[in-house]
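**Student:** How does the following fold in three dimensions:
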Amino acid sequence: MTARRLRLLAATLVVATAVAVALLPAAAADDNPLGTAVSWTTYGFDLQRTGYNPSETGLGTGNAANLHVRWSVNLGDVMIAQPVEAAGVNIFGRGTKNVLYEGTEHGDFYALDAATGQTLWHRNLGSIQTGCEDMPDGVFGIGGAGVIDRQRNVVFVAGGDGAVHSLDLGSGRETFGWPLAHVFTPSQEHVYGGLNERAGKLYVVVASHCDFAPYKGRVSEIDIQTHSLVKSFYPATPGVDGGGIWGPGGASIDPTNGHVFVATGNALTNPESYSYSEDVVELDASLNVLGANYPGLVGGDVDFGATPILYRPSGCPKLQVAAKNKSGVFVNYNEGGLNAGYEQRLQIANVNDYEFNGIPAWSPATNMIYISNNSDSDQGTYFHGMVALHAGANCQLSLAWQQTVGPNFTSDSPPTVANGVVYYGDGYGNTERAFNAQTGTQLWSSGSTIGGGLYAAPTVVNGMLFVPSWDHKLYAFSP
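**Tutor:** Below is the predicted model of the structure:
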């Protein structure tokens, strides 16, 4: 993973020291009554990491062209985590609000009023200064999205202190028995992926700063009831460095059987595909290996910086498992069939690029998978921008449409789909865009509004679009 640095003009970033909120008309605060609001509780909306909000009604093809800044707030540092939102949270002395939760790489974790951007509470969960330039100033804190547990009324988040925290949704207070310390070693390791939760189990993925040894990439299982670390799966084995799990969605989970899916980075040994490194891996809920595949990749930097997406096309008999690889290929598998190899392999991006990372989005309404493509394919079929693939009843993917926009050869944000619209940010182009998910027609662009790179997946919920930026601001757009 030595070449995974985000392309950006780091020197142009302005380091902010204060939190400032700019509000647009207050009348917008009543757009979504709390009684009809929806929660976006985890990265990608669901356990499968589809990036699809099936309940969105306030923002869609009919009004996306009217998007404008409703508020923006300076959180003091860059963000790579997707914001999550809990609807109808009781804030002592302030009533019931829809609350947005977001962390920064300086270790600051914020709870914000989704309607206004007002800070409701704030906690610093630690950060560390490193020599890694993946972050503009080398500081690593909170990289992965939190996961909201409404039954327990908490948000779980991995801090920059090596601990997993359980914070009360309304007050930010640490709940009894938490944090769970020493989940990872912050001087050597970092959590880039969002936490995922199912059936009382919390899954945390671990990578490093710039793939520097020593570190042990892994996915760990935490028992929420006992606040204990139960087991870890090490792609490169516990005795070998590397095998980081870098994908922004962390681990994806099949909600029907609890199977856990990860895509892994290179081992720091020869070969770099040692053991389960550079593989797509299927695990059971207790992290025992059920199947894995190394796709036989070529290129300058061929490990996975991705999270597998789980989706089922109409008419397709099996759940599909798909992942982007830094060599520009997109590989697709059948659940339960990883040992047999991939079912389909597409060269979406350039084989000599190393930034084909992240995760696509899937819409069952269109039967399409959406890929933010960072570079033109060397095979001449696919181009940088947004690529939409249609899934046939035979489970095979074919090009539906594509829009060539933004910079070529860049890291970019994963997409999000809601109510007929697909959204994504074009990396150092500093532009968020919205397309008709069925036809590919561009409906909206943020233009020059945003002043920094866009690498975190946007969140679309309750009639609003939330976009974290590397100008240190979290933006809220509404029609």
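
**Student:** where exactly do the strands run in the stretch 51-200 of the chain?
**Tutor:** 52-53, 68-74, 84-91, 95-103, 108-113, 119-124, 128-129, 139-140, 147-149, 154-158, 164-168, 189-190, 196-198 (DSSP state E, counting those that start in this stretch).

**Student:** so which of those strands comes closest to Asn462?
**Tutor:** When these are compared by C-beta to C-beta, strand 95-103 sits nearest Asn462, at 6.2 Å. The C-beta positions use only the backbone N, C-alpha and C, and glycine is treated the same way.

**Student:** which helices and strands does the closest one pack with?
**Tutor:** Contact partners of strand 95-103 among helices and strands, from 3 or more C-beta pairs under 8 Å, 6 or more residues apart in numbering; DSSP states H and E: strand 84-91, strand 108-113, strand 154-158.

**Student:** so for stretch 118-125, what's the average pLDDT?
**Tutor:** Averaged over stretch 118-125, pLDDT sits at 98.

**Student:** How about stretch 224-238?
**Tutor:** 97.

**Student:** Also stretch 428-439?
**Tutor:** On average, stretch 428-439 scores 98.

**Student:** Please save the CA atoms from that stretch in CSV.
**Tutor:** Provided in CSV are the C-alpha atoms of stretch 428-439 (Å, rounded to 0.1, in the frame of the first residue of the first chain):
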residue,chain,number,x,y,z
TYR,A,428,-8.9,17.3,-5.8
GLY,A,429,-11.4,18.8,-8.3
ASN,A,430,-13.3,20.0,-5.2
THR,A,431,-16.6,19.4,-6.9
GLU,A,432,-19.6,17.3,-5.8
ARG,A,433,-22.0,16.2,-8.6
ALA,A,434,-25.4,14.7,-8.9
PHE,A,435,-26.6,12.5,-11.8
ASN,A,436,-29.9,11.0,-12.8
ALA,A,437,-29.2,7.4,-11.7
GLN,A,438,-31.2,5.9,-14.6
THR,A,439,-30.0,8.0,-17.6
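
**Student:** Can you point out the buried residues in it?
**Tutor:** By 16 or more other C-beta atoms under 10 Å, the buried positions in stretch 428-439 come out as Tyr428, Gly429, Asn430, Thr431, Glu432, Arg433, Ala434, Phe435, Asn436, Ala437, Gln438.

**Student:** Mark which of those are part of strands, please.
**Tutor:** Glu432, Arg433, Ala434, Phe435, Asn436 (DSSP state E).

**Student:** So the second one sits against Gln442, correct?
**Tutor:** Yes: with contact taken as C-beta atoms under 8 Å, Arg433 and Gln442 are classed as touching, separated by 6.2 Å.

**Student:** Next, show the common contact partners of these two.
**Tutor:** Val405 (C-beta atoms under 8 Å, 6 or more residues apart in numbering).

**Student:** want to throw the ones in strands among the buried residues of stretch 428-439 into CSV with distance to Ala340?
**Tutor:** Below are these laid out as CSV (distance: C-beta to C-beta, whole Å):
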residue, distance to Ala340
Glu432, 39
Arg433, 38
Ala434, 38
Phe435, 35
Asn436, 37
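
**Student:** between those, which is nearest His182?
**Tutor:** Of those, the one sitting nearest to His182 (C-beta to C-beta) turns out to be Glu432, at 37.8 Å.

**Student:** any low-confidence regions in this protein?
**Tutor:** Within the chain, the stretches with pLDDT under 70 are 1-35.

**Student:** Spatially central residue in it, please.
**Tutor:** In the chain, the centroid-proximal residue (C-alpha atoms, centre = their mean) is Pro248; its distance is 3.6 Å.

**Student:** what residues are up against the residue nearest to Gly336 when sequence neighbours are not counted?
**Tutor:** Excluding the flanking residues, the one nearest Gly336 by C-beta to C-beta, 6 or more residues apart in numbering is Gly291, at 6.8 Å. Gly291 makes contacts with Val281, Glu282, Gly336, Gly337, Leu338, Asn339, as judged by C-beta under 8 Å, 6+ apart.

**Student:** Now that we have those residues, which of them are buried?
**Tutor:** Val281, Glu282, Gly336, Leu338.

**Student:** And these, which two are furthest apart?
**Tutor:** Largest pairwise distance in those, by C-beta to C-beta, is 12.8 Å, between Val281 and Gly336.

**Student:** Residues contacting the host helix or strand of Val205 from elsewhere in the structure, which ones?
**Tutor:** Element membership of Val205 [criterion: DSSP states H and E] is strand 201-208. With C-beta under 8 Å, 6+ apart as the test, strand 201-208 has contacts from 1, 144, 147, 156, 158, 164, 183-184, 188-193, 195-197, 215-224, 230, 244-247, 250-251, 253, 258, 260, 262, 265, 285.

**Student:** Quick one, which of the residues you listed are buried?
**Tutor:** By 16+ other C-beta under 10 Å, the contacts of strand 201-208 give 1, 144, 147, 156, 158, 164, 183-184, 188-193, 195-197, 215-222, 224, 244-247, 250-251, 253, 260, 262, 265, 285 as buried.

**Student:** What is the neighbour count of Ile128?
**Tutor:** Counted by other C-beta atoms under 10 Å, the residues lying close to Ile128 total 17.

**Student:** Against Thr264, how distant is the nearest residue to it once chain neighbours are set aside?
**Tutor:** Leaving aside its chain neighbours, Ile128 sits nearest to Pro186 (5.0 Å; criterion: C-beta to C-beta, 6+ apart). To Thr264, Pro186 is 21 Å away according to C-beta to C-beta, to the nearest Å.

**Student:** more crowded one of those two?
**Tutor:** Neighbours were tallied for Pro186 and for Thr264 using other C-beta under 10 Å; the higher tally belongs to Thr264 (33 against 23).

**Student:** Name the SS class of the nearest residue to that one once chain neighbours are set aside, please.
**Tutor:** What sits nearest to Thr264 in space, not counting adjacent residues and going by C-beta to C-beta, 6+ apart, is Pro235, at 4.0 Å. For Pro235, the secondary structure call by DSSP: H, G, I helix; E, B strand; the rest coil comes out as coil.
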